[in-house]
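1. got a structure for you, letters missing:
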Ligand code: PPS
């Protein structure tokens, strides 16, 4: 991989604790973030102290020519496109897709290294829950060494901005970058922060949106993440796709992604894959919805083992424009201002509502 060899690449980004994330307000909103969050310099990437310790190892994972990276800011449609790409690369092997969790077929690069480490201890979870968490997240999700040794073609999910991936990724592998309008990302991320025990966000959407816009959430800041990829969208190894275009014309976007990956699906495969990826089918698919996990030979539900709260779903609503059901006019105005400030001088624009949706 890297570690031991002498060609190890030094990571230029340096991480520093964000003191405000140790303050009582932040601690009240995000109880599990006991050690606060850190920010990188010069690029200001926000992450957990645990990931900061491993960032250089992740940076040193060697890319391969047959790798496909699914690169996204969280909640932009990662899982949807992960499954899409896995199916295209694996000639629509629906049978295999039914037997193995997507998280096993397509590893999440930084997952093992980003969780607040003290969480399990501090929350005094039942022994069985802790065991299950370490099984699900430790043993069954691959660590870097396992990802390094994994047979190809690897479909690798990552929420890291491109500059935190190995600098050879774009010249060596293929990258599918998925973007989504920030209003729906805020709503989706807010629900996700309530759904997962790791985040356990307890305050309201208004406060969450402020945290989002002031870069006090994991993976912030939003715009530099997208703009970096947007500016590289003409690179032959990068395919930039909007969530809203997937919603609008799923079949057409599957064709484009297949072409990018050098694959040609038959009409029949295309029809089946489009159906497979439609929200209603996807939400029910226990190989992608994270509600059921196999732990130590037993099929248990993510909710039962304490990973997810009982109410709520990972594949939640799947709409463009859901923000309209959540934002007050004042909050919407603040978000508009924030968006315009960040988009000024760029040609990146978002669709914030679709008229017709399935
Ligand atoms: S994560 O946790 O960052 O990996 O989440 P991510 O997969 O990027 O995004 C989750 C949101 O994508 C929606 N989703 C879909 N929308 C439409 N069709 C399909 N098939 C689909 N699959 C996932 C999911 O519902 C989340 O969005 P919200 O708005 O919360 O529903």
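-> Here it is on my side, so go on. As the structure is a prediction and not an experimental result, all values here were calculated from the model.

2. would you map the strands across the stretch 51-200 of the chain?
-> With DSSP state E, counting those that start in this stretch as the criterion, the stretch 51-200 of the chain has strands at 68-72, 155-158, 174-179.

3. looking at those strands, which is nearest to the ligand?
-> strand 68-72 (5.5 Å; Cβ to the nearest ligand atom). The C-beta positions use only the backbone N, C-alpha and C, and glycine is treated the same way.

4. any residue of the closest one up close to the ligand?
-> Yes - judged by Cβ under 6 Å from any ligand atom, strand 68-72 comes into contact with the ligand through residue 72.

5. residue 39 in helix, strand or coil?
-> strand (DSSP: H, G, I helix; E, B strand; the rest coil).

6. can you check residue 252 too?
-> From three-state DSSP, the assignment for residue 252 is helix.

7. and it, how many neighbours does it have?
-> Other residues near residue 252 come to 13 when the count uses other Cβ atoms under 10 Å.

8. same thing with residue 145?
-> Count around residue 145 with other Cβ under 10 Å applied: 12.

9. so which of the strands of the stretch 51-200 of the chain is the most surrounded?
-> strand 68-72 (a mean of 27; mean count of other Cβ atoms under 10 Å).

10. could you list the contact residues of the stretch 1-150 of the chain toward the ligand?
-> Going by Cβ under 6 Å from any ligand atom, the residues of the stretch 1-150 of the chain near the ligand are 72, 74, 75, 76, 77, 78, 79, 80.

11. which of those residues sits closest to residue 350?
-> residue 76 (11.0 Å; Cβ to Cβ).

12. still on that earlier bit, widest-spaced pair of the residues of the stretch 1-150 of the chain next to the ligand?
-> Maximum pairwise distance in those, criterion Cβ to Cβ, is 13.0 Å, between 74 and 80.

13. could you tell me the end-to-end distance of stretch 316-325?
-> 14 Å (Cα to Cα, to the nearest Å).

14. any idea how far it is from the chain center?
-> 18 Å (Cα atoms, centre = their mean, to the nearest Å).

15. stretch 279-293 now?
-> The answer for stretch 279-293 is 16 Å, by Cα atoms, centre = their mean.

16. and the residue of the stretch 201-350 of the chain found nearest the ligand, how many neighbours?
-> Nearest residue of the stretch 201-350 of the chain to the ligand: residue 318, at 3.0 Å (Cβ to the nearest ligand atom). If you count neighbours by other Cβ under 10 Å, residue 318 ends up with 20.

17. check contacts around it.
-> 247, 279, 282, 283 (Cβ atoms under 8 Å, 6 or more residues apart in numbering).

18. helix or strand with the lowest mean pLDDT in the chain?
-> strand 298-301 (a mean of 45; mean pLDDT, DSSP states H and E).

19. could you list the buried residues of the helix or strand following that strand?
-> Next in sequence after strand 298-301, counting helices and strands by DSSP states H and E, comes helix 329-343. Within helix 329-343, the residues that count as buried by 16 or more other Cβ atoms under 10 Å are 331, 332, 334, 335, 338, 339, 342, 343.

20. burial count for the residue nearest to the fifth one when sequence neighbours are not counted?
-> Using Cβ to Cβ, 6 or more residues apart in numbering and skipping the chain neighbours, the partner closest in space to residue 338 is residue 213 (4.8 Å). Using other Cβ under 10 Å, residue 213 has 21 other residues around it.

21. could we number from 31 for the rest of this?
-> Taking 31 as the first residue, the last one we looked at is residue 243.

22. quick one: residue 243 from residue 210, how far?
-> Distance of residue 243 to residue 210, computed by Cβ to Cβ, to the nearest Å: 16 Å.

23. for residue 277, same thing?
-> In this view, residue 277 and residue 210 are 10 Å apart by Cβ to Cβ.

24. higher neighbour count, those two?
-> Between residue 277 and residue 210, counted using other Cβ under 10 Å, residue 210 has the larger neighbour count: 26 against 22.

25. can you give me the helices for the stretch 81-230 of the chain?
-> Secondary structure of the stretch 81-230 of the chain (DSSP state H, counting those that start in this stretch): helices located at 108-119, 124-129, 132-135, 149-152, 157-163, 174-179, 199-202, 212-225.

26. what does the stretch 231-380 of the chain put close to the ligand?
-> 307, 309, 312, 345, 346, 347, 348, 352.

27. hmm, residue 218 and the fifth one touching each other?
-> By that I understand residue 346. Yes - judged on Cβ atoms under 8 Å, residue 346 makes contact with residue 218 at a distance of 6.7 Å.

28. among the two, which residue is more densely surrounded?
-> residue 218 (22 against 17).

29. got any ranges where the stretch 281-388 of the chain has weak pLDDT?
-> When residues are selected by pLDDT under 70, those of the stretch 281-388 of the chain lie in 322-342, 386-388.
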